[in-house]
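**Q** Got a sequence here, can you model it:
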Amino acid sequence: MPGGRLTHQERRQIALGLADGLPYAAIARSLDRPTSTVTREVMRNGGPTAYRADLAHHATERRAHRRKAPASRGPESAPQSHGRDADAMAEYEETFTTVLMASGLNKMSARVLTCLFTTDAGSLTASQLAQRLQVSPSSISKAIAFLESQSLVRRERDERRRDRYVVDDELFYQATIASARANDRLVETARRGVAVLGPHTPAATRLENIARFLDFISESIIRAAEQAREVLHAEPGATAHDTATPTPDHR
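**A** Coordinates of the predicted model:
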């Protein structure tokens, strides 16, 4: 199996495979590459509908050049700490961004969230985000607005009265609850349809079953999130036993 970076020709084959509607696994087999390689390549370069071989190749060359060049750090840049390897961090951040994009986030929102999650402080200013990601402040502003609307980040004022964008343990819990509650309106609308369509018709039965399913899923997620909430506040080094979901007292 070939290793190393994808070649320009391989990227053209990926583009042709996407145009033909082939799944990532089939494209990967034709290149004798792992499916994960093709998936990361496509997701980090616009996704299946916007992937362009030439643009992807140039973007990869630019990223490689930036890694080889000495990093210019401004006053607000966060240096690598704890002896972390810069290349390993860059690769990990790309992988994390790809996973977030696959879950439904657009590329810039995924990059911003990755940046915040992998920062020890868990918070950065808009200026720091723009500098670290090498994008315009307006791109950061749009991504933050979306992430705030999804309860994935929150805004704080620091001692210098600058807005800082924060990810913390409670936000992840709140985002899970908000996601579960997003089904409530669909449940309510489906049940209104039962009355309109007639309670004993096939269409009404279908809507009622959908409502019951979503209701059950939402309540299960909320109940599980409440029970597991303490895991988000576990001390470093805590074992799975230490943060296990509490069991009811049967006494």
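**Q** What count of nearby residues applies to residue 143?
**A** Close neighbours of residue 143, defined as other CB atoms under 10 Å, add up to 26. Every residue, glycine included, has its C-beta placed from N, CA and C.
**Q** from memory it sits against residue 114, does it?
**A** No. Contact criterion CB atoms under 8 Å: residue 143 and residue 114 do not qualify, at 11.0 Å.
**Q** how about low-confidence regions in the protein?
**A** 1-3, 63-82, 235-251 (pLDDT under 70).
**Q** Point out the other helices and strands that the longest helix along it packs with.
**A** In the chain, with assignment by DSSP state H, the single longest helix is helix 202-228. Applying 3 or more CB pairs under 8 Å, 6 or more residues apart in numbering; DSSP states H and E, one finds that helix 202-228 makes contact with helix 169-181, helix 184-197.
**Q** So for residue 222, which of those helices sits nearest?
**A** Closest of the helices and strands packed on helix 202-228 to residue 222 is helix 169-181, at 5.1 Å (criterion: CB to CB).
**Q** tilt between that closest one and helix 202-228?
**A** The directions of helix 169-181 and helix 202-228 differ by 160 degrees, with axes from the mean of the first three to the mean of the last three CA atoms, to 10 degrees as the criterion.
**Q** ok, and for helix 169-181, which residues are buried?
**A** Residues 171, 173, 175, 176, 177, 180 are the ones in helix 169-181 that count as buried (16 or more other CB atoms under 10 Å).
**Q** Verify the stated contact: the second one with residue 229.
**A** Yes. The pair residue 173 / residue 229 is scored as a contact, 5.5 Å apart, by CB under 8 Å.
**Q** what about stretch 123-142, how long is it end to end?
**A** 17 Å (CA to CA, to the nearest Å).
**Q** again but with stretch 100-109, I slipped
**A** End-to-end for stretch 100-109, by CA to CA: 9 Å.
**Q** how far is that stretch from where the chain is centred?
**A** 5 Å (CA atoms, centre = their mean, to the nearest Å).
**Q** So that it lines up with my notes, have the first residue be 202 from now on.
**A** Sounds good: first residue 202 from here, last item stretch 301-310.
**Q** buried set for that stretch?
**A** For stretch 301-310, by 16+ other CB under 10 Å, it's 301, 302, 306, 308, 309, 310.
**Q** For those, name the two members farthest from one another.
**A** 301 and 309 (10.9 Å).
**Q** where do the helices sit along the stretch 202-351 of the chain?
**A** 209-220, 225-232, 236-244, 254-269, 287-303, 308-318, 327-334, 338-350 (DSSP state H, counting those that start in this stretch).
**Q** which of the ones you listed sits most buried?
**A** helix 308-318 (a mean of 22; mean count of other CB atoms under 10 Å).
**Q** Quick one: distance of that one to the chain centre.
**A** Helix 308-318 has its C-alpha centroid displaced from the chain centroid by 7 Å (CA atoms, centre = their mean).
**Q** could you say what helices and strands it packs with?
**A** By 3+ CB pairs under 8 Å, 6+ apart, helix 308-318 packs against helix 287-303, strand 324-326, helix 327-334, helix 338-350, strand 364-367.
**Q** Same list (these) but as JSON lines, adding distance to residue 408.
**A** Below are these laid out as JSON lines (distance: least, CB to CB, whole Å):
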{"stretch": "helix 287-303", "distance to residue 408": "30"}
{"stretch": "strand 324-326", "distance to residue 408": "44"}
{"stretch": "helix 327-334", "distance to residue 408": "44"}
{"stretch": "helix 338-350", "distance to residue 408": "28"}
{"stretch": "strand 364-367", "distance to residue 408": "40"}
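**Q** domain assignment for the chain?
**A** 209-259, 298-368, 371-434 (automatic domain parsing).
**Q** between these, which one is nearest to residue 288?
**A** Between the domains of the chain, domain 298-368 lies closest to residue 288; by CB to CB that is 14.2 Å.
**Q** In JSON lines: the helices and strands packed on helix 403-429, plus distance to residue 213.
**A** Shown next, in JSON lines, are those (distance: least, CB to CB, whole Å):
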{"stretch": "helix 370-382", "distance to residue 213": "38"}
{"stretch": "helix 385-398", "distance to residue 213": "42"}
